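[1] For reference, the sequence and a predicted model appear below.
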Amino acid sequence: MANALVSIQILPTTPGGESVLPYVDRAIDIIKAAGVPYRVAPLETTMEGELSSLLGVVQQMSEAMAEMGCPSVISQVKIYYNPVNGASMGRLLEKYPDGQ
């Protein structure tokens, strides 16, 4: 059972003021490769899993931005941690499964 939800908005400083879209795509690819349930939204992506693993994904995303040439990156992270009852995107979205 997952014990955490981690939402992240990654804001890389791109070389030469390039578009951030390829960098955001790379960050989402890292989430996909981690094999955790996730949901992309307009301003952030939410992952579901074990807190320590999800924080490792956040670290991988930051390191990937540096490898792509970003001099710095800001990540805005929200964490919902529930080690007793678990954490589930589905449970929190039961009333609004389509976001409306």
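    Right, received. Where do you want to start?
[2] For the lowest-mean-pLDDT helix or strand in the chain, which outside residues touch it?
    Averaged element by element with mean pLDDT, DSSP states H and E, the chain has its least confident helix or strand at helix 89-92 (a mean of 92). Contact partners of helix 89-92, identified using CB atoms under 8 Å, 6 or more residues apart in numbering, comprise 5, 37, 39, 46, 48, 80. (Each C-beta comes from the backbone N, C-alpha and C, glycine too.)
[3] at 6 Å instead, please
    Here helix 89-92 makes contact (CB atoms under 6 Å, 6 or more residues apart in numbering) with 39, 48.
[4] Now it: buried residues?
    By 16 or more other CB atoms under 10 Å, the buried positions in helix 89-92 come out as residue 89.
[5] Kindly provide the distance from the residue of the chain most remote from its centre to residue 45.
    Most distant from the centre of the chain: residue 16, at 24.8 Å, with distances by CA atoms, centre = their mean. To residue 45, residue 16 is 25 Å away according to CB to CB, to the nearest Å.
[6] what sits opposite residue 77 in the beta ladder?
    Beta bridges link residue 77 to residue 8, judged by DSSP bridges.
[7] Isn't it up against residue 9?
    No - using CB atoms under 6 Å, residue 77 makes no contact with residue 9, being 8.1 Å away.
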